[in-house]
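A.B. asks: Pasting the sequence and the predicted coordinates here, then a few questions.
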Amino acid sequence: MKTLEKDRPGHASTGHSIVDLAIVLLLISLTFCPQLWESQAADKENTPLRLLIVTGGHDYETNMFYRMFDGFSGMTYQAVAHPKAHDWLKSEKAAQYDVIVLYDMWQEISDAAKNDFVNRLKQGKGLVVLHHAIASYQAWPEYEKIIGGKYYLQKTVVAGIEKPMSTYLHDVTFKVQVLDKTHPVTRGVSDFDIHDETYNLFDVSPSVVRLLGTDEPTSGKIIGWAKSYESAKVVYLQLGHDHLAWENPAFKRLLNQAIRWTAGRE
Ligand SMILES: [Zn+2]
């Protein structure tokens, strides 16, 4: 048996030499062609960011909404709506987008779609959640863990504690404070005024990175945050009811930077 093993190394060393040769060639190419690294990084930077924009379950000013995304340079998008949107979370579609933008308010979700959603985040797709999408999937506890907050569409008892129904108010002009001015999502954005809808009595996970806040009495105190979930970067922005928000330069910049940050392209 031992002699047999001794006979075999000749065979094995052929395999080694091929591997060794490949390593040497790789090292040579990296030593003498460092631009290989740079050009690949540059290619990634030059490739348009591809968004999957998910809507459905809530009205919105359709044309004005997509006009905002049309104005973002270096991005393309695929707009999908429920009930067909979950098909886009399947693995075979995943190669077609980098970031999922949720502007839906939808409740039905199958176990398969839940798995697909979580798997896309494990895969590292970015996730940007806007406005009323905080009220989606009320009966799926993992969704609250994914996005870091929950708007209660009805009075709910959570772990023995009664949560009142969350509230909203349209047409409020209020001041937004940038709580973390160094984060890639808020960089370059100063405190600003906006005319938008406020939400109140919604939950925000204590573990999120707080980005935006307000003292407006009809609003929750924290209205924008960043977090991670599995391999995904996640941002929630409470703002964004209609074109009055979508045309606000601070909102557009926050959304643009949120998309880029979740995609790993600050
Ligand atoms: Zn709204």
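C.D. replies: Everything's here; your move.

A.B. asks: The helix or strand where V80 lies: partners in the sheet, and parallel or antiparallel?
C.D. replies: Following DSSP states H and E, one finds V80 within strand 75-81. Strand 75-81 sits in its sheet next to strand 49-56 (parallel), going by DSSP bridges.

A.B. asks: Next secondary structure after the partner strand?
C.D. replies: With elements assigned by DSSP H and E, the helix or strand that comes after strand 49-56 is helix 62-70.

A.B. asks: Send over that next one as PDB, restricted to the C-alpha atoms.
C.D. replies: Extracted C-alpha coordinates of helix 62-70, given in PDB (Å, rounded to 0.1, in the frame of the first residue of the first chain):
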ATOM      1  CA  THR A  62     -46.900  57.400 -11.400                       C
ATOM      2  CA  ASN A  63     -45.400  59.600 -14.000                       C
ATOM      3  CA  MET A  64     -43.800  62.100 -11.600                       C
ATOM      4  CA  PHE A  65     -42.400  59.200  -9.500                       C
ATOM      5  CA  TYR A  66     -40.500  57.700 -12.400                       C
ATOM      6  CA  ARG A  67     -39.400  61.200 -13.600                       C
ATOM      7  CA  MET A  68     -37.400  61.400 -10.500                       C
ATOM      8  CA  PHE A  69     -35.500  58.200 -11.300                       C
ATOM      9  CA  ASP A  70     -35.100  59.300 -14.900                       C
END
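
A.B. asks: And the ion, is it touching that?
C.D. replies: No - with CB under 5 Å from the ion as the criterion, the ion is not reached by helix 62-70; the gap is at least 11.5 Å. Glycine gets a C-beta too; all of them are placed from N, C-alpha and C.

A.B. asks: for the record, mean pLDDT for that helix?
C.D. replies: Helix 62-70 carries an average pLDDT of 97.

A.B. asks: Next: stretch 251-261.
C.D. replies: Averaged over stretch 251-261, pLDDT sits at 98.
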